[in-house]
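**Q** any chance you can model this:
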Amino acid sequence: MATPALEIRHLSKRFGSFVANDDISLEVLPGEIHAVVGENGAGKSTLMKCIYGMHRPSAGSLALRGQEVVVDSPRTANHLGIGMVHQHFMLVPSFPVYRNVVLGAEPGQWGYFDEGAALRRVEGLTKEFNLAVDPRSTTATLPVGLQQRVEILKLLHRGADILIFDEPTAVLSPQEIEGLFAILENFRRSGKTILFIAHKLREVLAVADRISVLRQGKLEGTVRRDEVNEATLARMMVGRDLPALAPGAPPTSGKELLRAEGLWALGPRGEWALRDVSFSVAAGEVLGIAGVMGNGQSELEECLCGLRHLREGKIFLGDRDITEATMASRREGGLAYVPEDRLRTGIAPLARLWENMLLGHQREERFLRGGPLGFLRPGAIRPWVRRTMELFSVKAASDMVQGGTLSGGNMQKLVMAREMAFDSPLLLVSQPTRGVDVGGIAFIHEQILRHRRQGGGALLISSDLDEVLALADRVAVMYQGRIAALLPRKEASRELVGRYMLSGMA
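**A** Numbering: from 1, shown residues only. Below is the predicted model of the structure:
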């Protein structure tokens, strides 16, 4: 058997009394694509950060090609040939591609930047690894799939032969995902070793040679791709079979809950982010908004909830014109809102969990004494918070810990729990399962469908096409700020929607 490219030996990582990784040992072989999967909080990210030098293990060691090493920083990891493509890209938008690729490792001498050498180096890498990106392009003008390739080029420029990919498909169209998998296969054939962290089991089974499953900080097992399917992998991750989605027939009322008429809005750089966007959402339906990130979905979300000003157009919540209404007024009118950026707009990271759960509910009579201007009643609030957290499987030491200490998936479930507790007719939910494990995804999907079955409506904005196709009754595809297509679910195939996402045309 070949010497492992990377060997993890009895690695543990503790944060105080909390054990994030518990005596993990596994081998990653040279020239293989090795996936690491697990629930939120299972220890995947912590393990990768130990490998990449962002955390120091509490116990255990790492070995590269049979030699034990100490990886005490990302810089050390880069010197040892380990690179990491983060889910959120670390690029300078105004720089051309080649400047981003060499940033921090510029060719030249005595403080002189050899621009010609940098350009030649990047052009050579794009050809060698068939990455098809123009080194002279301004990075901000590139679609997200090409920006990801810039991140990959950064690692190749630094000589990485062990590449860690953290949720690399989260913001890609189906065609871009296929392109990424072709790149990974090319790396594998060239002898590079890939660690692939993912929640989408279909993608894991499409690309990985072997799969390691973490569960509650421990290694549950490592299996070959041909030994498992999605159901058995999910069972290894969560310890039980997951229920199948049952959308059920929509209620027959069809009352219009939301209508957008000719929305125009500017983006962060003064460009048109929304261009004449019109649609409606009825009671008993889920309208899915599909599209590659950066095509106006974030701006649409902000306009609907009152965080971004419209230049033109009208928004109606039922019969009420809410175009100029405040967020609080929209909430009182029947809008519940799960934002795309849970850390920036979904929670207060330094506030305690019970305070985060209370946001928006603090004026409810049951939580006050002495009338609407009275004092909060912790004795009524905290039992409700604990019951709601338990109902939505929010895992935390207590409701007194800070919101920012939760894992991404548990943050998402906390926000979902708070918003569903309003029992509002209309649910605006953006990227509801980004970074959420397979068990959490199934639970969140079921909450959206339960809302629909009970006669509510939902506007689902998601860059995950599988999610949109699983939940939506109708699919609207956004491209460059416009609705490029509005399709009934039975006509919305992956291939057709993917073409609209990538080019705005079928």
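**Q** when you work out contacts or count neighbours from here on, use the C-alpha atoms and nothing else.
**A** Will do.
**Q** which residue is nearest the middle of the chain?
**A** Nearest to the geometric centre of the chain sits R434, at 2.9 Å (CA atoms, centre = their mean).
**Q** look up how far R330 lies from S503.
**A** 34 Å (CA to CA, to the nearest Å).
**Q** so for the two, which sits in the more crowded spot?
**A** Shown here are S503 and R330; by other CA atoms under 10 Å, R330 has more neighbours (21 against 11).
**Q** leaving out chain neighbours, which residue sits closest to L496?
**A** A506 (6.3 Å; CA to CA, 6 or more residues apart in numbering).
**Q** for the one you found, give me the pLDDT.
**A** Listed pLDDT for A506 reads 73.
**Q** now stretch 305-324: how far from the chain's centre is it?
**A** 27 Å (CA atoms, centre = their mean, to the nearest Å).
**Q** and that stretch, how far apart are its ends?
**A** Taking CA to CA, the first and last residues of stretch 305-324 lie 10 Å apart.
**Q** also stretch 265-279?
**A** 15 Å.
**Q** re earlier: so how far is F187 from the residue nearest to the centre of the chain?
**A** Distance, R434 to F187, by CA to CA: 26 Å.
**Q** ok, K413 touching L391?
**A** No: counting by CA atoms under 8 Å, K413 does not reach L391; the two are 10.1 Å apart.
**Q** out of the two, which sits in the busier spot?
**A** Shown here are K413 and L391; by other CA under 10 Å, K413 has more neighbours (24 against 10).
**Q** what are the buried residues along whichever strand or helix holds that one?
**A** Counting by DSSP states H and E, the element that carries K413 is helix 408-420. For helix 408-420, the neighbour count (16 or more other CA atoms under 10 Å) marks 408-420 as buried.
**Q** report the distance from it to the chain centre.
**A** Worked out by CA atoms, centre = their mean, helix 408-420 lies 14 Å from the chain centre.
**Q** one more: stretch 113-124?
**A** Taking mean C-alpha positions (CA atoms, centre = their mean), stretch 113-124 and its chain are 33 Å apart.
**Q** still on that earlier bit, can you redo the buried residues of helix 408-420 as a markdown table with pLDDT and distance to L103?
**A** Shown next, in a markdown table, are the buried residues of helix 408-420 (pLDDT from 0 to 100; distance: CA to CA, whole Å):
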| residue | pLDDT | distance to L103 |
| --- | --- | --- |
| G408 | 73 | 29 |
| G409 | 76 | 32 |
| N410 | 84 | 35 |
| M411 | 87 | 33 |
| Q412 | 87 | 34 |
| K413 | 88 | 37 |
| L414 | 92 | 38 |
| V415 | 93 | 37 |
| M416 | 91 | 39 |
| A417 | 92 | 42 |
| R418 | 94 | 42 |
| E419 | 93 | 42 |
| M420 | 91 | 45 |
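**Q** how about a markdown table for those, with distance to A484 added?
**A** Shown next, in a markdown table, are the buried residues of helix 408-420 (distance: CA to CA, whole Å):
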| residue | distance to A484 |
| --- | --- |
| G408 | 32 |
| G409 | 31 |
| N410 | 34 |
| M411 | 32 |
| Q412 | 29 |
| K413 | 31 |
| L414 | 33 |
| V415 | 30 |
| M416 | 29 |
| A417 | 33 |
| R418 | 33 |
| E419 | 30 |
| M420 | 30 |
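**Q** so the residue nearest to the centre of the chain: helix, strand or coil?
**A** Secondary structure, DSSP: H, G, I helix; E, B strand; the rest coil: R434 is coil.
**Q** for P57, see how far away it is.
**A** R434 sits 27 Å away from P57, going by CA to CA.
**Q** hey, where'd the strands end up in the stretch 101-250 of the chain?
**A** Remark: strands assigned in the stretch 101-250 of the chain by DSSP state E, counting those that start in this stretch are 162-166, 193-197, 210-215, 218-224.
**Q** what mean pLDDT does the last one have?
**A** The one in question is strand 218-224. On average, strand 218-224 scores 95.
**Q** also the first one?
**A** Averaging the model's pLDDT scores along strand 162-166 yields 91.
**Q** elements contacting that strand?
**A** Taking 3 or more CA pairs under 8 Å, 6 or more residues apart in numbering; DSSP states H and E as contact, the helices and strands that strand 162-166 lies on are strand 82-85, strand 193-197.
**Q** helices or strands up against the helix holding K413?
**A** strand 335-338, helix 353-358, helix 378-391, helix 438-453.
**Q** repeat the analysis, applying 10 Å as the threshold.
**A** Packing contacts for helix 408-420, counted by 3 or more CA pairs under 10 Å, 6 or more residues apart in numbering; DSSP states H and E, involve strand 335-338, helix 353-358, helix 378-391, strand 426-430, helix 438-453.
**Q** these: which one's closest to G346?
**A** Of all the helices and strands packed on helix 408-420, strand 335-338 sits nearest to G346, with 7.0 Å by CA to CA.
**Q** can you list contacts of the closest one?
**A** Contacts to strand 335-338, defined as CA atoms under 10 Å, 6 or more residues apart in numbering, come from residues 257-258, 301, 304-305, 317, 327-331, 345-346, 360, 412-413, 415-432, 457-460.
**Q** now the buried members of the residues you listed.
**A** Using 16+ other CA under 10 Å as the burial test, those include 257-258, 301, 304-305, 317, 327, 330-331, 346, 412-413, 415-420, 422, 424-432, 457-460 as buried.
**Q** could you measure from G456 over to L257?
**A** Distance of G456 to L257, computed by CA to CA: 9 Å.
**Q** what do the two both touch?
**A** Joint contacts of G456 and L257 (CA under 10 Å, 6+ apart) are V281, A282, A283, G284, P425, L426, L427.
**Q** the helices in the stretch 151-300 of the chain, which residues?
**A** For the stretch 151-300 of the chain, the helices defined by DSSP state H, counting those that start in this stretch occupy 174-189, 201-207, 230-238, 297-305.
**Q** most tightly packed of the ones you listed?
**A** helix 297-305 (a mean of 22; mean count of other CA atoms under 10 Å).
**Q** give the other helices and strands that that helix contacts.
**A** Against helix 297-305 (3+ CA pairs under 10 Å, 6+ apart) you get strand 256-266, strand 272-282, strand 312-317, helix 327-332, strand 335-338, strand 426-430, strand 457-461, strand 474-479.
**Q** out of these, which gets the lowest mean score?
**A** helix 327-332 - the lowest mean pLDDT of the helices and strands packed on helix 297-305, at a mean of 90.
**Q** who touches it?
**A** Counting by CA under 10 Å, 6+ apart, 304-307, 317, 320-326, 333, 335-337, 360, 419, 422, 424, 426 sit against helix 327-332.
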